[in-house]
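Q: need coordinates for the below:
(one chain, ligands or ions: 1)
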Amino acid sequence: MSNEKELLESSKKAAGYKAVDDYLSDGLRVGIGSGSTIKYVVDRIKEKGLNVVCVPTSFQSTQLIVDAGLTLSDLSRTPSLDITIDGADEVDPDFNIIKGGGGCQLQEKVVAYASKQLVIVADYTKDVKHLGENWKKGIPIEVIPMAYVPVMKKLESMSLTPVLRMAVNKAGPVVSDNGNFIIDAKFQPPLSNIPQLAIDIKMIPGVVETGLFINMAKKVYFGQKDGSTTSR
Ligand SMILES: O=C[C@H](O)[C@H](O)[C@H](O)COP(=O)(O)O
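A: Got it, this is the predicted structure:
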């Protein structure tokens, strides 16, 4: 691993460990987010031997929980959660968040909404003044397949630049855990009125969910290069 990659990994680990240490205890019902930082949350839960019930937010998250030997549940059995810990692609000072770099934003938002609180864990590159400062891939938007062309046209009329997310080791588009497509709506920062933009995108017929998480997280941990964490 290059030095920069190592620093990034240790910052993810720092954030994941700190959130578990500060927020989790035996008996809690916990939403487990998705992405590379969440791996460290699961590692820490396992390391501490915490007796928690885990509800996943993706296929990847389910695998992490199962592989770690933690108790797996779902929203049918455990519809109310004490807390969800999840990653982020970017967080601005108003706690507007972009998620969905891994295409998991739909289940992540459903699980976060079922939780009393959402705690975000992220590396130092995600801590920004304006959304789009470091994250250049746009706002991930999950759409039903038959609607993707008109949804893209509508997004264009909203001054966004939509791109259908393509698979890497498969021909054609990425298919989400829910059988849908993902459009990445690129934008020129800074965005204005992000809460309204989130509503406007969500209102387009065919859109299932957006990766804009507004007013959902109250606490964010950013891992730093030296292995410490900052929070807000
Ligand atoms: O779809 C993916 C999720 O929203 C992730 O939580 C987000 O992309 C951050 O992932 P990572 O921890 O790998 O940066």
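
Q: roughly how far does the residue nearest to Phe213 when sequence neighbours are not counted sit from Gln105?
A: The shortest distance from Phe213 to any non-neighbouring residue, by CB to CB, 6 or more residues apart in numbering, is to Ile97 (4.1 Å). All C-beta atoms are positioned from the backbone trio N, CA, C, and that covers glycine. Separation of Ile97 from Gln105 (CB to CB, to the nearest Å): 10 Å.

Q: who has more neighbours out of the two?
A: Just comparing Ile97 and Gln105: by other CB atoms under 10 Å the higher neighbour count belongs to Gln105, 31 against 28.

Q: quick one: residues contacting the closest residue to the more buried one other than its chain neighbours.
A: Nearest non-adjacent residue to Gln105, counting by CB to CB, 6+ apart: Gly211, 4.1 Å away. Going by CB atoms under 8 Å, 6 or more residues apart in numbering, Gly211 touches Asp89, Ile98, Lys99, Gly100, Gly101, Gln105, Ile139, Pro140, Ile141.

Q: what do Ile97 and Gln105 both touch?
A: Phe213.

Q: can you tell me the closest non-neighbouring residue to the residue in the chain that the ligand sits nearest to?
A: For the chain and the ligand, the shortest gap (CB to the nearest ligand atom) falls at Gly35, measuring 2.6 Å. Nearest residue to Gly35, sequence neighbours excluded (CB to CB, 6+ apart): Gly87, at 3.8 Å.

Q: next: Thr62.
A: Closest to Thr62 by CB to CB, 6+ apart is Pro56, at 4.2 Å.

Q: what's opposite the one you found in the beta bridge?
A: Judged by DSSP bridges, the bridge partners of Pro56 are Ile32.

Q: hang on, the residue of the chain closest to the ligand packs against Cys104?
A: Yes: under the criterion of CB atoms under 8 Å, Gly35 makes contact with Cys104 at 7.2 Å.

Q: still on that earlier bit, nearest to Thr229, of the contacts of Gly211?
A: Of all the contacts of Gly211, Thr229 sits closest to Asp89, with 18.2 Å by CB to CB.

Q: if I pick that closest one, what's in contact with it?
A: Taking CB under 8 Å, 6+ apart, one finds Ile97, Ile98, Lys99, Gly100, Gly101, Lys126, Trp135, Lys137, Gly211 in contact with Asp89.

Q: can you narrow those down to the ones near the ligand?
A: Intersecting those with the surroundings of the ligand, defined as CB under 6 Å from any ligand atom, gives Lys99, Gly100, Gly101.

Q: and which of those residues is nearest to Phe187?
A: Distances from Phe187 to those, taken by CB to CB, are shortest for Gly100, at 14.1 Å.

Q: tell me the SS of that closest one?
A: coil (DSSP: H, G, I helix; E, B strand; the rest coil).
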